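[1] fold the following and give me the result.
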Amino acid sequence: MNEADFISALRALAKNPAARGLEDDAAVIEFGGESLVLTHDTLVDGVHILDGQDPADIAWKLVAVNLSDLAAKGAEPVGVLVSHMLGADDHRFVAGLKEVLDIYDVPLLGGDTVRGEGPRVWGCTAIGRATHSPVPRRGDSKVGDAIYVTGKLGAAMLGFEALRDGDESDSSAYRRPLPLLEEGKALAPHVTAMMDISDGLLLDCWRMARAAESVAFELDSAAIPVADPDRFEECIRWGDDYQLLFTARPEVTLPVPATRIGTVTNADFAPLWLDDRILTPEDGLGYQH
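    Model (predicted):
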């Protein structure tokens, strides 16, 4: 099974409302008058990170990508649980973990350690407390909404290439992404839908449009901010940027800097357009396992 087919099969099991039909990157549990937000991500050596990468960077990225999912829900971190596969330079992993937890003031609540053969694998579960109700969903975009993105896309791709090639260019966008927690909390009262961009702008726009049903995302290529205009198509497909992608009514004054990149329209027969082109996952919209 490919990734999409496997997730579709899991939806038959995820019947609790907190799972949100597996259409979101996080579960939302109503608990004691508050909303708890829970998310989990995994990193695999040689897939999500380069072979031989500094374990301190791996620990940072592991926590950061989970905090980014909380940011997309406007959530404030409560803590994380981390699983670590023992191997070389474990002390560097601990050092990087301390750095990211200290900077974002996130408690380590527990986790697991294992030893095994083959590529190393790391996992993290992040727990957050929603700061706004309703908690933003991925699939609540409405016809007439404006589509926005924070930051520039493609910075992680350039960082990956710099790290891989050992040149002197800045690789931090790939090694140590910055979860937009404060921006997510500020945006939560104003958005109709929101998610973070992990697998590429086009693929994540397609996912948001499909989750909303009966809408289309019409993107204006000239408006999309990218880190390298000469590599525009790669920048909007590569992923790993962890910027926030969201929709809001066009009259709303946004509390954070963001670029309008399109409009939500009625979906006659296709959920994603780039200028006058219909795009589908078969066109290679972004990263899929």
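
[2] can you list the domains in the chain?
    3-130, 146-283 (automatic domain parsing).

[3] tell me which of these is the most buried.
    Of all the domains of the chain, domain 146-283 has the most neighbours on average by mean count of other C-beta atoms under 10 Å, namely a mean of 19. Just so you know, the C-beta spots here come from the backbone N, C-alpha and C atoms, and that holds for glycine as well.

[4] can you give me the strands in the protein?
    Assigned by DSSP state E, the chain shows strands spanning 27-31, 34-44, 75-85, 108-114, 121-130, 146-149, 193-196, 215-219, 244-248, 259-266, 272-274, 277-278.

[5] tabulate the ones you listed (a markdown table), appending mean pLDDT.
    Shown next, in a markdown table, are the strands of the chain (pLDDT from 0 to 100):
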| stretch | mean pLDDT |
| --- | --- |
| strand 27-31 | 90 |
| strand 34-44 | 95 |
| strand 75-85 | 97 |
| strand 108-114 | 96 |
| strand 121-130 | 97 |
| strand 146-149 | 98 |
| strand 193-196 | 98 |
| strand 215-219 | 97 |
| strand 244-248 | 98 |
| strand 259-266 | 97 |
| strand 272-274 | 96 |
| strand 277-278 | 93 |
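
[6] of those, which is nearest residue 91?
    strand 75-85 (11.8 Å; C-beta to C-beta).

[7] for residue 137, which of the strands of the chain is the nearest?
    Among those, if distance is taken as C-beta to C-beta, the winner is strand 193-196, at 5.9 Å.

[8] mind exporting the closest one as CSV, just the C-alpha atoms?
    Taking C-alpha atoms only, strand 193-196 is exported to CSV below (Å, rounded to 0.1, in the frame of the first residue of the first chain):
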residue,chain,number,x,y,z
ALA,A,193,-8.5,26.6,8.0
MET,A,194,-4.8,26.1,8.7
MET,A,195,-2.0,23.6,8.5
ASP,A,196,1.8,23.6,8.3
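
[9] what lines up beside it in the sheet?
    Note on strand 193-196: by DSSP bridges, its sheet partners are strand 244-248 (antiparallel).

[10] tell me the gap between the strand it pairs with and the middle of its chain.
    12 Å (C-alpha atoms, centre = their mean, to the nearest Å).

[11] columns distance to residue 102 on top of the strands of the chain, output as TSV?
    Output for the strands of the chain, formatted as TSV (distance: least, C-beta to C-beta, whole Å):
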stretch	distance to residue 102
strand 27-31	27
strand 34-44	20
strand 75-85	13
strand 108-114	11
strand 121-130	16
strand 146-149	29
strand 193-196	22
strand 215-219	38
strand 244-248	23
strand 259-266	31
strand 272-274	40
strand 277-278	46
